[in-house]
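1. give the three-dimensional model of this entry:
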Amino acid sequence: MFYLVFEVRPTEQGGVLGGAYMHCWVNRESAEIAYFHAASRLRNAGWVIDSGSEPALVWREDFLHDEVALEGFDMAVREGEALQMHGWVFEGDA
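-> All right, here's what the predicted structure looks like:
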């Protein structure tokens, strides 16, 4: 399982969110494939990627201290991937 984080912003203006961190768990054969898969999913969902971390090989034990992250890991085990968004609004946007 690979874990990576992207900083993204919406492709369309006028939405509530100014940007977000997308936490991604991707069950793929290699770090490169995991990165490409997650980046493609985000772009197809209407996000512009400003930056992305290197995929890290992770295990379930890495997330036992964080219930929300553990849910993401477990979902990726079941479904092959999981994306969790932590968004923000810019000052004056809301």
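2. quick check: end-to-end length of stretch 24-33?
-> 13 Å (Cα to Cα, to the nearest Å).
3. and that stretch, what's buried?
-> By 16 or more other Cβ atoms under 10 Å, the buried positions in stretch 24-33 come out as 24-28. (C-beta placed from N, C-alpha, C; glycine too.)
4. stretch 53-73 now?
-> For stretch 53-73, burial by neighbour count (16+ other Cβ under 10 Å) applies to 55, 58, 63, 69, 72-73.
5. returning to that earlier point: from the buried residues of stretch 24-33, which is closest to L4?
-> For the buried residues of stretch 24-33, the residue nearest L4 by Cβ to Cβ is C24; the value is 5.2 Å.
6. how about the strands of this structure, start to end?
-> 2-10, 19-26, 47-52, 56-57, 81-88 (DSSP state E).
7. partners of W47 in the sheet?
-> For W47, the beta-bridge partners are P10 (DSSP bridges).
8. re earlier: okay, and which of the buried residues of stretch 53-73 map to helices?
-> Applying DSSP state H to the buried residues of stretch 53-73, the entries found in helices are 69, 72-73.
9. low-confidence regions, this structure specifically.
-> By pLDDT under 70, the low-scoring segments of the chain are 13-15, 90-94.
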